[in-house]
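*Asks:* Mind looking at a prediction? Sequence and model below.
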Amino acid sequence: MSNLSIFDIIGPVMVGPSSSHTAGAVRIGNLAKEIIGEEFNHVKVYLHGSFKETYQGHGTDKAIIGGLLGLQTDNPMIKEAFTLARARNLSYEFLPIDLDNAHPNTIKLEISNVKGKIINIIASSIGGGSVIINEIDGIKVGVTGELATLLTIHQDKPGIIAKISRVLEDYKLNIAYMKVLREYKGSLATAVIELDEEIDEEILDKIREITEIEEIKLIGPIN
Amino acid sequence: MYNFKRLAELIELTKETNLSIVDIIIERERELTNKSEDEIRAKMAKALAVMREAIETGLTENIKSTSGLSGGDAQLLVDAQQRGNTITGTLLSSAIAKAIAVAEVNAAMGRIVAVPTAGSCGILPGVLLAVAEDKNLDDEVIIDGLFVASGIGLIIAKQATVSGAEGGCQAECGSAAAMAAGAIVYMLEGKEEQVLDAVAIALKNVLGLVCDPVGGLVEIPCIKRNAGGASNALTAAELALAGIKSHIPADEVIVTMKKIGKTLAPQLKETSLGGLAVTPTGCKLKDELLSK
């Protein structure tokens, strides 16, 4: 709390009516767009808890679609998100769901990209517009998007994390927070690495050169 | 870095350093974010521009919320003012019209600044801009007022909460009114101690206020509570500027707000399971919304 900016108090600048149900939903959409990283044409939005009860009145539905289209929390066009989606051939459905032990403002997104691949994302809006991506395709990632975040899928072998941190060290990037997960020993593992500085494509390409890394994504920071 | 947890510490810092409240808040932000004073001031000026735009929209355009439950009340107030049909005088009548205008724009998915939250977004702009018009204050003074308000809000967020889900409406509209009251006293060149008295008085006036939105939406009673918050802020500032002191210091009131928030039943903290949300009419409105 001691690191709260005055613009957390006088702000955010946002399209109403609710920081959790509208601005937070936009930010979940923004993060999901970056996670998918490719064009997509259909999304199923499953709403849980308070989202399920009040999503229309809060414009949560338009906010999620607007966020997926890349609109930011302060863009008045969020109100017109459905029209924009039609123009971009993005179709969508809103469905109720009951998720176990989930925060009251949680959604599950089932997104089909143009190559026919389906990506599942579970995310919660945890208050004041702050959000957390809980799961991507069943992997518990806990990404907030507040900082530049690297998300890798790599072979579960010794030394991979050291190789990644060596690249980060070369570019003088400081790791603020890191988490490594895997399903079982020797399977594919995921690293979530949050950095104090923003990072560019060149650094990403350097990390891609590590042969054991199957996939790497840069997410955030989002507004 | 200047790190003040309590309002009294912030005032002590101004005495020790001979800096103003605004200087200290900007200096803290500068160190926290590595941004220059100019950038920080520009960002605050942008927030002020969004506030103005929301007021203008709310006072002049035909607004209807997404749910259909709200809109058009700010214009009724403007009509009444134009007919000379106001009982509270120009300043208060202007402040509550502006507060409602911003809250209605918020409910209609328009752009606002959450100060400190979207639910209470009308109070600070309504009050500050009404006072600035009435007293002919220029934008630099209003922006200074916003910095003071941000410092007050920061301390409330640290010592208590600004979330209705945690503390009820006293934490949202109460905090907004306290921020606005302190800001006005500063803008009208009251002493630092008077800023604190205004904060204390505004927050004391609404201790225990519950958060009970009908259908879970930021409309009933939130929009009108923004008008209530605006008049609360002006009343508290008037008292403090007249030299009336709060017997209970502002920092103690803030901690009390948090304690009261903890003792409030969950039904009364943004869950829409109590209060106005479960009145016969509240339930009927909710059912109508769900069947749409």
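*Replies:* Alright, I've got the coordinates. Worth saying up front: this structure is predicted, and the values here are computed from it rather than measured.
*Asks:* helix/strand/coil for residue A:92?
*Replies:* Following DSSP: H, G, I helix; E, B strand; the rest coil, residue A:92 is assigned to strand.
*Asks:* what sits opposite it in the beta ladder?
*Replies:* residue A:43 (DSSP bridges).
*Asks:* is chain A contacted by stretch B:191-203?
*Replies:* No. Stretch B:191-203 is not in contact with chain A by Cβ under 8 Å from any Cβ of the partner chain; minimum separation 13.7 Å. (Each C-beta comes from the backbone N, C-alpha and C, glycine too.)
*Asks:* Tell me how far that stretch lies from the chain's centre.
*Replies:* Taking Cα atoms, centre = their mean, to the nearest Å, the mean C-alpha location of stretch B:191-203 is offset from the chain mean by 14 Å.
*Asks:* Let's test this: mean pLDDT of it, rounded?
*Replies:* Regarding stretch B:191-203, the rounded mean pLDDT is 98.
*Asks:* ditto for stretch B:244-252
*Replies:* Stretch B:244-252 carries an average pLDDT of 98.
*Asks:* How about stretch B:260-279?
*Replies:* Stretch B:260-279 shows a mean pLDDT of 95.
*Asks:* would you put the C-alpha positions of that stretch in PDB?
*Replies:* Presented in PDB, the C-alpha positions along stretch B:260-279 are these (Å, rounded to 0.1, in the frame of the first residue of the first chain):
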ATOM      1  CA  ILE B 260     -17.100   0.600  11.500                       C
ATOM      2  CA  GLY B 261     -16.600  -0.900   8.000                       C
ATOM      3  CA  LYS B 262     -15.400  -4.100   9.500                       C
ATOM      4  CA  THR B 263     -18.400  -4.400  11.800                       C
ATOM      5  CA  LEU B 264     -20.900  -3.700   9.000                       C
ATOM      6  CA  ALA B 265     -22.800  -6.800   7.900                       C
ATOM      7  CA  PRO B 266     -21.700  -8.300   4.500                       C
ATOM      8  CA  GLN B 267     -25.300  -7.600   3.300                       C
ATOM      9  CA  LEU B 268     -24.500  -3.900   3.500                       C
ATOM     10  CA  LYS B 269     -21.200  -3.900   1.700                       C
ATOM     11  CA  GLU B 270     -21.900  -3.900  -2.100                       C
ATOM     12  CA  THR B 271     -23.400  -7.400  -2.200                       C
ATOM     13  CA  SER B 272     -26.900  -6.000  -2.800                       C
ATOM     14  CA  LEU B 273     -28.300  -8.500  -0.200                       C
ATOM     15  CA  GLY B 274     -29.400  -5.800   2.200                       C
ATOM     16  CA  GLY B 275     -30.500  -2.200   2.600                       C
ATOM     17  CA  LEU B 276     -32.300  -0.400  -0.300                       C
ATOM     18  CA  ALA B 277     -31.400  -3.300  -2.600                       C
ATOM     19  CA  VAL B 278     -33.900  -5.600  -0.800                       C
ATOM     20  CA  THR B 279     -36.700  -3.100  -0.400                       C
END
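*Asks:* buried set for it?
*Replies:* Using 16 or more other Cβ atoms under 10 Å in any protein chain shown as the test for burial, stretch B:260-279 gives B:260-261, B:264, B:268-272, B:274-275, B:277.
*Asks:* Where does the stretch 101-250 of chain B get nearest to chain A, which residue?
*Replies:* Ranked by Cβ to the nearest Cβ, the top residue of the stretch 101-250 of chain B for proximity to chain A is residue B:106, at 3.2 Å.
*Asks:* So for chain A, the centremost residue is which one?
*Replies:* Nearest to the mean C-alpha position of chain A, by Cα atoms, centre = their mean, lies residue A:31 at 2.9 Å.
*Asks:* residue contacts, that one?
*Replies:* A:123, A:131, A:133, A:143, A:145, A:219-220, A:222 (Cβ atoms under 8 Å, 6 or more residues apart in numbering or on different chains).
*Asks:* So which bits of chain A are right by chain B?
*Replies:* By Cβ under 8 Å from any Cβ, the residues of chain A that approach chain B are A:1-19, A:22-23, A:50, A:53-54, A:56-59, A:62, A:74, A:76, A:78-79, A:127-129.
*Asks:* For the helix with the most length in chain B, name the packing helices and strands.
*Replies:* Using DSSP state H, we find that the single longest helix of chain B is helix B:37-60. Contacts defined by 3 or more Cβ pairs under 8 Å, 6 or more residues apart in numbering or on different chains; DSSP states H and E place helix B:37-60 against strand A:13-15, helix B:21-33, helix B:73-82, helix B:89-107, strand B:111-113, helix B:123-135, helix B:139-159.
*Asks:* Can you point out the buried residues in the third one?
*Replies:* Looking back up the chat, that one is helix B:73-82. B:73-75, B:77-78.
*Asks:* Kindly export it (C-alpha atoms) in PDB.
*Replies:* Output of helix B:73-82 as PDB, limited to C-alpha atoms (Å, rounded to 0.1, in the frame of the first residue of the first chain):
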ATOM      1  CA  ASP B  73     -31.600  14.200 -13.400                       C
ATOM      2  CA  ALA B  74     -28.700  16.600 -13.800                       C
ATOM      3  CA  GLN B  75     -30.800  18.300 -16.600                       C
ATOM      4  CA  LEU B  76     -33.800  18.700 -14.200                       C
ATOM      5  CA  LEU B  77     -31.500  20.600 -11.900                       C
ATOM      6  CA  VAL B  78     -30.200  22.800 -14.700                       C
ATOM      7  CA  ASP B  79     -33.800  23.600 -15.600                       C
ATOM      8  CA  ALA B  80     -34.700  24.400 -12.000                       C
ATOM      9  CA  GLN B  81     -31.600  26.700 -11.900                       C
ATOM     10  CA  GLN B  82     -32.600  28.500 -15.100                       C
END
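*Asks:* so does it get close to chain A?
*Replies:* No. Helix B:73-82 stays clear of chain A (Cβ under 8 Å from any Cβ), getting no nearer than 14.4 Å.
*Asks:* Tell me the gap between that helix and the middle of its chain.
*Replies:* 21 Å.
*Asks:* still on that earlier bit, the residue of the stretch 101-250 of chain B closest to chain A reaches residue A:16, doesn't it?
*Replies:* Yes. With contact defined as Cβ atoms under 8 Å, residue B:106 counts as touching residue A:16 (3.2 Å).
*Asks:* Give me the common contacts of those two.
*Replies:* With Cβ under 8 Å, 6+ apart, residue B:106 and residue A:16 have common neighbours B:112, B:118, B:121, B:218.
*Asks:* Contacts only, for the residue lying closest to the last one once chain neighbours are set aside.
*Replies:* Closest residue to residue B:218 in three dimensions, ignoring its sequence neighbours and counting by Cβ to Cβ, 6 or more residues apart in numbering or on different chains: residue A:17, at 4.2 Å. By Cβ under 8 Å, 6+ apart, the contact list for residue A:17 reads A:58-59, B:65-66, B:106-109, B:118-119, B:217-219.
*Asks:* Kind regards, and thank you for your time.
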